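# Show me the folded form of this:
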Amino acid sequence: MAFRSLLFVPGARADRFRKAMASGADAVCIDLEDAVAPDRKASARLESLAFIKSRPEGTVLGLRINALVDKEGIRDVAALLDSGARPAFVMIPKVVSAFEISQIRAVLGAEVPPVWALMETPDAYFALAEIARAIGDRGGIMFGGADYSASLGAALEFDAMLHARSAIVAAAALAGCATMDVPYLDVGDEAGLRADTARVKALGFHGRAAIHPAQIAAINEIFTPSTDEISKAEKIAAAYEAAGGGVALLDGKLVERPVLKAAERVLALKGK
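All right, here's what the predicted structure looks like:
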C-alpha cells in the first residue's frame, strides 16, 4: 500500500474533509491525534468516523488514531469497532514494538484494514525490523521526524535524520512494506520541499506526507515514476511471470520476490 503523497487533515475540522479529498493527494488521513485538542477528542472522533462511514468518493481515506498506550487511543479503537466505519488504513502513532500491531489486529479481527506505524521514538528505531515484519506488505511505516528528532534533542535536518530514514527503508525492504516520509514543515518553501523530497526518494522512500494541499503537486511529481522506471518494472514483472513465480533472470541479474514487489509498486503508480 504505497502512496506518493498523503495529506493529513485535522479530525476536528470536518469542514475540511471534502476539500482534502479533492486535493490530488494519493491518500488522505484524518488525524485524531496531534491535530485535535484534548477537549475536542470525543466530537472529532464521532465526526471523523461518520465521514468515513459515508464512503465519500475520491482518494484513499485513512485514519490516524491516538497512541494505543493512551486512553484516547483505546477509545478510538472501540469507537471504530462500534461505528461500522471502514477506513482504507489505520495509522498508529508512537509505536514502540510489534506487539501494538498484533494488538490492533486481534481487536479489529477480520475487519482490520492495512496498518501504518509511525516511527517516532528511539524504542521504535531499535525495533524497526520486528515492527516492519508485523506490518507485512499490506501496510507501511511512516517517519515521525518531528517527535523523533525532539526525543534525541537533534535537529530535524536531512543529515541529522539520515540514520533513522535509512533504517526505516532497510526494515521496510526486508518486510516488503511501504514507507512514507515526514511532512516538510515550511509550507511556503517549495524549492526546499522539492530538494528535500528528491533526496528522500533517492534513499528509497515511496512517498511523503503533507500538511497543506499546496505541497501535493510537487510531491506527486517527484515520486511519479519516469518512463524508464516503468519500462524496467514491466520487464521485471514479465520475467518473473515467465519463470512461473520462481527466481528469474533479467539481463543477467536475479529477479526475486523483493525485486518484484518493488516493481509492482512502480507499476501501481503508472498513469498517475
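# Tell me where the stretch 1-150 of the chain has strands.
All strands of the stretch 1-150 of the chain, identified by DSSP state E, counting those that start in this stretch, fall at 5-10, 27-31, 60-64, 90-92, 115-119, 140-143.
# Show me how far the fourth one is from its chain's centre.
What that stands for is strand 90-92. A distance of 9 Å separates the centroid of the chain from that of strand 90-92, by Cα atoms, centre = their mean, to the nearest Å.
# packing partners for it?
The contact analysis (3 or more Cβ pairs under 8 Å, 6 or more residues apart in numbering; DSSP states H and E) places strand 90-92 against strand 60-64, helix 98-108, strand 115-119. (C-beta placed from N, C-alpha, C; glycine too.)
# Ala239 reaches Leu250, doesn't it?
Yes. Using Cβ atoms under 8 Å, Ala239 is in contact with Leu250, at 4.3 Å.
# The two - which one has more neighbours?
Using other Cβ atoms under 10 Å as the criterion, Ala239 and Leu250 rank with Ala239 on top: 19 against 16.
# tell me the secondary structure for the more buried one?
Using DSSP: H, G, I helix; E, B strand; the rest coil, the structure places Ala239 in helix.
# list the contacts for it?
Counting by Cβ atoms under 8 Å, 6 or more residues apart in numbering, Ala239 touches Ala248, Leu249, Leu250, Val255.
# And for Leu254?
Val247, Ala248.
# That one falls within a strand, correct?
Yes. Per three-state DSSP, Leu254 lies within a strand segment.
# so what pLDDT did it get?
You'll see Leu254 listed with a pLDDT of 82.
# what pairs with it across the strands?
Leu249 (DSSP bridges).
# measure it to Met180 for me?
28 Å (Cβ to Cβ, to the nearest Å).
# Could you list the low-confidence segments of the chain?
In the predicted model, the chain carries pLDDT under 70 at residues 271.
# Pop the domain breakdown of it in here.
5-224, 228-268 (automatic domain parsing).
# Can you tell me which of those domains is packed in deepest?
domain 5-224 (a mean of 19; mean count of other Cβ atoms under 10 Å).
# what about it, distance to the chain center?
With Cα atoms, centre = their mean, you get 5 Å for domain 5-224.
# ends of it, how far apart?
10 Å (Cα to Cα, to the nearest Å).
# contacting residues around Leu81?
Per Cβ under 8 Å, 6+ apart, neighbours of Leu81: Val107, Leu108, Glu111.
# how near is it to Pro56?
In terms of Cβ to Cβ, Leu81 sits 21 Å off from Pro56.
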